[in-house]
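S.K.: sharing a sequence plus its predicted fold:
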Amino acid sequence: MPYMIDPGTNPMGEEFEAYNRRRWGGSGWTHDLRAKGRKDGAGANFENWKWWPNTYKAHQLVRFAEGKGIDTSTSNKVLFEAIYEEGENISLIDTLVRIAADKLSLSSDEVRSYLKSDAGGAEIENDINNGRRKYSISGVPFFIIGSEGNDQLPYAMSGAQSPNTFLRTFATVLEEKDE
């Protein structure tokens, strides 16, 4: 489910430190995030985080790739690596086209055309608004965990969680499924 932390971010993205000074007075809040990522082996060490992106076009790319049979987890992983480890500005169409071609094996021309046309934009906005309304999503990461076909509301967790928290939640969901 898509979510934008700050829809008011410049559509071209903003330099990381400048954005953090403007919005929060500094980037000190990321120190704990970086330490937890390294400790838990989250896969992101945030070693090269240079840009605060406007993620609207990236959400479009994820939707396009999904339509071509690429799982959203795969697309998101590629985008997260680009932002946090490779220092890429995923606000830019040219950057997204290159990532899509190089890492997702998608047609550059098709991706560029899709992103320039604003295709899927209304659906993305709708998904973001539904997530806010239905699950009270107000930040990322946000996890919705439940078994398909279950009438119970799913479990929702906001913020970074330890591996043990996930394991306990998965165990609870499986127990409920067996009941």
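M.R.: Looks like it came in fine.

S.K.: what are the phi and psi values at the spatially most central residue of the chain?
M.R.: Closest to where the C-alpha atoms of the chain average out (CA atoms, centre = their mean) is Asn76, at 5.9 Å. With angles defined as degrees, to the nearest 10, Asn76 sits at phi -60, psi -40.

S.K.: now it: closest residue in space, sequence neighbours ignored.
M.R.: Counting by CB to CB, 6 or more residues apart in numbering, Val62 is the residue found nearest to Asn76 once chain neighbours are left out, at 6.4 Å. Where you see a C-beta, it was placed from the backbone N, CA and C, and this is true even at glycine.

S.K.: Tyr84: neighbouring residues, count only.
M.R.: 20 (other CB atoms under 10 Å).

S.K.: where does it land in three-state SS?
M.R.: On the three-state scheme (DSSP: H, G, I helix; E, B strand; the rest coil), Tyr84 is labelled helix.

S.K.: now the helices for this protein?
M.R.: Per DSSP state H, the chain carries helices over the ranges 16-24, 29-40, 56-67, 72-80, 93-104, 108-117, 121-135, 163-178.

S.K.: which one of the ones you listed lies nearest to Met1?
M.R.: Closest approach to Met1 among those (CB to CB): helix 121-135, 4.7 Å.

S.K.: returning to that earlier point: quick one: contacts for the residue nearest to Asn76?
M.R.: Neighbouring residues of Val62 by CB atoms under 8 Å, 6 or more residues apart in numbering: 2, 72, 75-76, 79.

S.K.: check the gap between it and Val78 for me.
M.R.: To Val78, Val62 is 10 Å away according to CB to CB, to the nearest Å.

S.K.: how near is Asp178 to Leu104?
M.R.: For Asp178 relative to Leu104 (CB to CB), the value is 37 Å.

S.K.: these two - which one has more neighbours?
M.R.: The neighbour comparison of Asp178 against Leu104 (other CB under 10 Å) goes to Leu104, with 18 against 7.

S.K.: surely the more buried one and Ile70 touch.
M.R.: Yes: with contact defined as CB atoms under 8 Å, Leu104 reaches Ile70; the gap is 5.7 Å.
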